[in-house]
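>>> Structure for this input, please:
(chains A and B)
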Amino acid sequence: RKEVEQDPGPFNVPEGATVAFNCTYSNSASQSFFWYRQDCRKEPKLLMSVYSSGNEDGRFTAQLNRASQYISLLIRDSKLSDSATYLCVVNANNDMRFGAGTRLTVKP
Amino acid sequence: DAGITQSPRHKVTETGTPVTLRCHQTENHRYMYWYRQDPGHGLRLIHYSYGVKDTDKGEVSDGYSVSRSKTEDFLLTLESATSSQTSVYFCAISDPGQVNQPQHFGDGTRLSIL
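Okay, the predicted model is just below:
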């Protein structure tokens, strides 16, 4: 079993749609959590950290459920520019583990 | 953007040849990492460094070595490249002096071993 699992997608949604990505992790000692965005043939870039109480950054909302070892990312009012692969990342004692990513395509 | 430069950006070489990839940072961060990224896999850690001359193995370290003689430079060497090492390699840095610090990545090196 992979340490961090994500639905690979692809998710194809129209502009303006709301889309949610899920991620599960196996290491119960994990301490910090992140979502990264990766465009085609580019490096991963930090989208947002995920806090225990949940957090929001504009159209993006991240949630963490430690009991279920589950992280989510919600994107509201999708834009064409949101098309990318979204990586779930889990950190335990500075050992970062990456999901394989969920691919999102937003269409006009 | 974090000041991380990887070189070369692209390289094609033959099986059995040595290859060295360089990562240079201008952030004075203590921790540096080398990852490889392959289709269907998340980024997988090859080696990391927690200071000058201090390095340790990651998840997929076989066939790779690293060196860090200066804070700003972290080198990854494939002593005798194999076709299975064809991949995209990313360097990352972090400053774990604070809680919950994420890693920041360089632009990547596309390496093809023929």
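>>> Tell me which stretches of chain B form strands.
Across chain B, reading from the start of the chain, the strands by DSSP state E fall at B:4-7, B:10-13, B:19-25, B:31-37, B:44-51, B:54-57, B:64-70, B:73-78, B:87-94, B:104-105, B:109-113.
>>> Next: chain A.
Counting by DSSP E, one finds strands in chain A at the ranges A:4-6, A:11-14, A:19-25, A:32-38, A:44-50, A:55-57, A:60-65, A:70-75, A:84-92, A:95-98, A:102-107.
>>> wait, which of those is closest to chain B?
strand A:95-98 (3.4 Å; C-beta to the nearest C-beta). C-betas here are computed from N, CA, C, even on glycine.
>>> Flag the shaky bits of the chain, pLDDT-wise.
In the absence of a named chain, chain A is used. A:1 (pLDDT under 70).
>>> my bad, chain B
For chain B, the stretches flagged by pLDDT under 70 are B:1-2, B:98-100.
>>> Show me the residue at the heart of it, geometrically.
Most central residue of chain B, judged by C-alpha distance to the mean C-alpha position with C-alpha atoms, centre = their mean, is residue B:34 at 2.5 Å.
>>> right, and that residue touches residue B:20 too?
No: the pair formed by residue B:34 and residue B:20 falls short of the contact definition of C-beta atoms under 8 Å, at 11.6 Å.
>>> Return every residue with contacts to both of these two.
residue B:76 (C-beta atoms under 8 Å, 6 or more residues apart in numbering or on different chains).
>>> The residue in chain B positioned nearest to chain A: neighbouring residues, count only.
With C-beta to the nearest C-beta as the measure, the residue in chain B that lies nearest chain A is residue B:42; the distance is 3.4 Å. Applying other C-beta atoms under 10 Å in any protein chain shown, we find 23 residues neighbouring residue B:42.
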